[in-house]
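Visitor: Sequence plus predicted model, see below.
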Amino acid sequence: MLELPPGTALLSTSHAAPAAVSRAEKWEGGLSFEDFLPTAQKNVDLWPALYRRATVPPEVLARAAALPGRWHLLTLSADWCGDAVNTVPVLARLVEATPNLALRVLDRDEHLDLMDEHLTGGTARAIPAVLVLDEGFIERGWWGPRPSVLQTWFKTVGQAMDKPERYRRIRQWYARDQGRSTLEEVVALLERAAGLP
């Protein structure tokens, strides 16, 4: 796995909602994951391949199924993004297996107004950004752009590497993790949004 300097605190990848406003209009303009897949022009083979291999551990599925109410994951993404191609397919699998969850995908560059409300570190238009919406499409928090251990590594150790090596290691981490960290963090965010302990 990735090595972090001793004593390194993990960066948070879950964030409070910027405003308690309805995202219903954005939701309606989003694509289902099934409709998004054929629109990909970059990573054309990788998107469906990772989707086919994506699985959700039973204990994560049980936690998601136990959420009260109906929840919506509105995801800002792009087909060229390596983090998105490794995280969005596993979230799609979670949603498929959980009747109280739904997922829609928005292209980041077509929704810069929404992206600019969800900047990583207050400055970066980093994706994916997964907005957690309640039954009334009110945003209750968001997650992104990558699992906390990977984000911390990227911002510390990874910055000292040249870009090809850094991204090679990120791809290796995603392959070993198989989406588990993403699922754990997004489900934990959903649980907090639902007021569960």
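Guide: Done, it's in.
Visitor: Show me what secondary structure element comes after the helix-or-strand element of the chain with minimal mean pLDDT.
Guide: Ranked by mean pLDDT, DSSP states H and E, the helix or strand of the chain with the weakest confidence is strand 14-15, at a mean of 88. Tracing the chain past strand 14-15, the next element assigned as helix or strand by DSSP states H and E is helix 24-29.
Visitor: Okay, helices next: where are they in this structure?
Guide: Counting by DSSP state H, one finds helices in the chain at the ranges 24-29, 33-36, 46-53, 58-65, 82-96, 112-115, 148-155, 163-177, 180-193.
Visitor: Look up phi and psi at the closest residue to residue 194 other than its chain neighbours.
Guide: Spatially, and ignoring its direct neighbours in sequence, residue 194 is nearest to residue 67 (5.2 Å; CB to CB, 6 or more residues apart in numbering). Just so you know, the C-beta spots here come from the backbone N, C-alpha and C atoms, and that holds for glycine as well. Main-chain torsions, residue 67, degrees, to the nearest 10: phi -60, psi 130.
Visitor: Isn't residue 67 up against residue 95?
Guide: No: with contact taken as CB atoms under 8 Å, residue 67 and residue 95 are classed as non-touching, separated by 12.0 Å.
Visitor: got any residues that touch both of the two?
Guide: Contact with both residue 67 and residue 95 is made by residues residue 101, according to CB atoms under 8 Å, 6 or more residues apart in numbering.
Visitor: the more surrounded of the two?
Guide: Neighbour totals were compared for residue 67 and residue 95, and residue 95 leads with 21 against 17 (other CB atoms under 10 Å).
Visitor: Distance-wise, check the more buried one relative to residue 106.
Guide: If you measure residue 95 against residue 106 using CB to CB, to the nearest Å, the figure is 15 Å.
Visitor: for the residue nearest to residue 194, what are its contacts?
Guide: By CB under 8 Å, 6+ apart, the contact set of residue 67 is 100, 101, 190, 191, 194, 196.
Visitor: Return, as residue ranges, the portions of this structure with sub-threshold pLDDT.
Guide: Using pLDDT under 70 as the threshold, the predicted model of the chain has low-confidence ranges 1.
Visitor: ok, residue 105 touching residue 31?
Guide: Yes: under the contact definition of CB under 8 Å, residue 105 touches residue 31, with a separation of 5.0 Å.
Visitor: Which one's more surrounded, the two?
Guide: Set side by side, residue 105 and residue 31 show unequal neighbour counts under other CB under 10 Å, the larger going to residue 105 at 26 against 17.
Visitor: ok, that one to residue 47 distance?
Guide: According to CB to CB, residue 105 stands 11 Å off from residue 47.
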